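**Student:** here are the coordinates; sequence isn't available:
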């Protein structure tokens with residue numbers, strides 16, 4: 001399909017809309033890729049040169065229209081089975097544009113909706129439409145599940161092991177052997193980004209029931225279940241899942257698999273976490289306590305106390321409970337006590353993961369119809385958040401940034417590695 005003609009925006013700096021297309025053309029136009037590789041069908045290295053083909057690397061946007069940038073790829077023929085195949089080339093399997101362009105799309109999709117990525121690339125003088133960006137994000141999600149999927153009953157994946165993508169480890173126990181100086185405590189929680197069009201559908205349903213005089217109005221719009229686990233001290237996501245199914249114990253147990261070896265896991269009071277949690281979130285415990293507190297009950301009924309008096313009472317009670325809870329946790333989890341200050345440095349609440357999940361939900365910045373589209377972006381956001389170098393207005397290099405060797409190619413090329421293993425096994 002021919003892309004729609006685009007006009008370079010005048011507000012875009014000239015260094016972007018002029019020089020980037022020129023640099024791409026100077027570096028890649030007509031570049032020859034003729035490195036041989038074994039036959040992908042039979043694994044034979046007895047090959048012969050066959051012919052040369054041109055492949056579209058990317059489309060540059062100029063004042064005169066689109067300028068295709070093409071590379072030359074040598075093709076080879078296997079003398080053993082006769083299969084004709086490309087040599088090593090700068091393309092991921094299933095992607096029409098070159099690897100640098102696809103990586104740029106994935107990096108931008110980690111902080112922008114798909115349509116916004118198209119606009120940003122247009123400012124760079126590069127043509128990639130919204131649907132292509134979405135397809136690349138879904139491809140990344142699918143191959144992440146091939147590379148680091150969390151299996152359920154050996155026939156499907158329910159989420160992605162982010163630790164394996166970032167560090168090549170299956171769980172925290174293996175990660176601890178590589179980095180023993182880090183404290184490993186984890187939190188788990190879930191949130192619910194709404195499905196595209198669900199807000200309007202909910203309003204229509206409420207209106208119809210109100211007109212019909214029916215009771216039991218629905219409270220929440222249709223949504224995805226976005227669940228994840230997070231290493232609190234390492235500030236790194238461990239696992240993530242996004243689906244249309246309701247959250248349950250199976251999902252919770254699967255997402256907890258990469259946390260094997262953690263000193264402690266804190267969750268809210270949901271029964272889905274009963275077989276996982278070490279202790280409950282203090283904030284949720286106090287929320288339940290305040291819901292039945294006689295002082296607050298009288299204050300709500302009489303409405304005679306000023307708001308600041310009620311606020312001071314809540315703050316004092318919470319501070320006392322926090323101090324008592326910290327003392328209990330220090331006795332139970334000595335590994336999470338700072339040796340210098342003697343303070344408990346583990347997670348006492350699920351705020352870090354709730355903030356993390358809300359960051360994921362906020363960074364989506366758009367509603368999606370398909371869970372593949374939402375999960376692809378959530379996974380990219382989680383990886384970017386785990387490898388950040390700047391936060392809260394100042395430089396802050398994360399544990400993932402310092403120790404991970406993550407590349408998008410690690411996930412996008414996983415299919416090639418699987419094929420290589422199959423070929424070696426067959427030979």
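**Tutor:** Done, it's in. All figures in this text were calculated on a predicted structure; none of them were measured in a lab.
**Student:** Please count neighbours and contacts with C-alpha atoms only from this point.
**Tutor:** Fine.
**Student:** quick one: the strands in the stretch 101-250 of the chain?
**Tutor:** 126-127, 149-152, 156-161, 185-191, 225-231, 236-243 (DSSP state E, counting those that start in this stretch).
**Student:** tell me which strands and helices the last one is in contact with?
**Tutor:** Pointing back at strand 236-243 there. strand 156-161, helix 162-167, strand 225-231, helix 249-256, helix 371-386 (3 or more C-alpha pairs under 8 Å, 6 or more residues apart in numbering; DSSP states H and E).
**Student:** how many degrees apart are that strand and helix 249-256 in direction?
**Tutor:** Strand 236-243 runs at 150 degrees relative to helix 249-256, counting by axes from the mean of the first three to the mean of the last three C-alpha atoms, to 10 degrees.
**Student:** what's the answer for the third one, then?
**Tutor:** Using the same axes, to 10 degrees, the direction of strand 156-161 lies 40 degrees away from that of helix 249-256.
**Student:** From the rest of the structure, what touches strand 156-161?
**Tutor:** 144-145, 148-152, 170, 238-242, 251, 254-255, 258 (C-alpha atoms under 8 Å, 6 or more residues apart in numbering).
**Student:** quick one: average confidence on that strand?
**Tutor:** For strand 156-161, mean pLDDT is 89.
**Student:** partner strands of it, parallel or antiparallel?
**Tutor:** Note on strand 156-161: by DSSP bridges, its sheet partners are strand 149-152 (antiparallel), strand 236-243 (antiparallel).
**Student:** what sits up against the last one?
**Tutor:** Residues outside strand 236-243 that contact it (C-alpha under 8 Å, 6+ apart) are 158-163, 224-231, 255-256, 258-259, 371, 374-375, 378-379, 382-383, 385-387, 398-400.
**Student:** Off-centre distance for the helix or strand encompassing residue 295?
**Tutor:** Per DSSP states H and E, residue 295 falls inside helix 294-302. Helix 294-302 sits 44 Å away from the centroid of its parent chain (C-alpha atoms, centre = their mean, to the nearest Å).
**Student:** In it, which residues are buried?
**Tutor:** Neighbour counts over helix 294-302 (16 or more other C-alpha atoms under 10 Å) mark residue 296 as buried.
**Student:** Show me how this protein divides into domains.
**Tutor:** The chain breaks down into these domains under automatic domain parsing: 14-98, 149-281+349-412.
**Student:** got those domains as JSON lines, with distance to residue 105 and mean neighbour count columns?
**Tutor:** Shown next, in JSON lines, are the domains of the chain (distance: least, C-alpha to C-alpha, whole Å; neighbours: other C-alpha atoms under 10 Å):
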{"stretch": "domain 14-98", "distance to residue 105": "10", "mean neighbour count": "17"}
{"stretch": "domain 149-281+349-412", "distance to residue 105": "11", "mean neighbour count": "18"}
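**Student:** CSV for those, including distance to residue 300?
**Tutor:** Compiled in CSV, the domains of the chain are given as follows (distance: least, C-alpha to C-alpha, whole Å):
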stretch, distance to residue 300
domain 14-98, 59
domain 149-281+349-412, 24
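**Student:** Tell me which stretches of the stretch 1-150 of the chain form helices.
**Tutor:** 14, 20-28, 99-109, 114-123, 130-148 (DSSP state H, counting those that start in this stretch).
**Student:** CSV for those, including mean pLDDT and distance to residue 271?
**Tutor:** Converted to CSV, these look like this (pLDDT from 0 to 100; distance: least, C-alpha to C-alpha, whole Å):
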stretch, mean pLDDT, distance to residue 271
helix 14, 79, 57
helix 20-28, 91, 54
helix 99-109, 96, 35
helix 114-123, 93, 36
helix 130-148, 95, 27
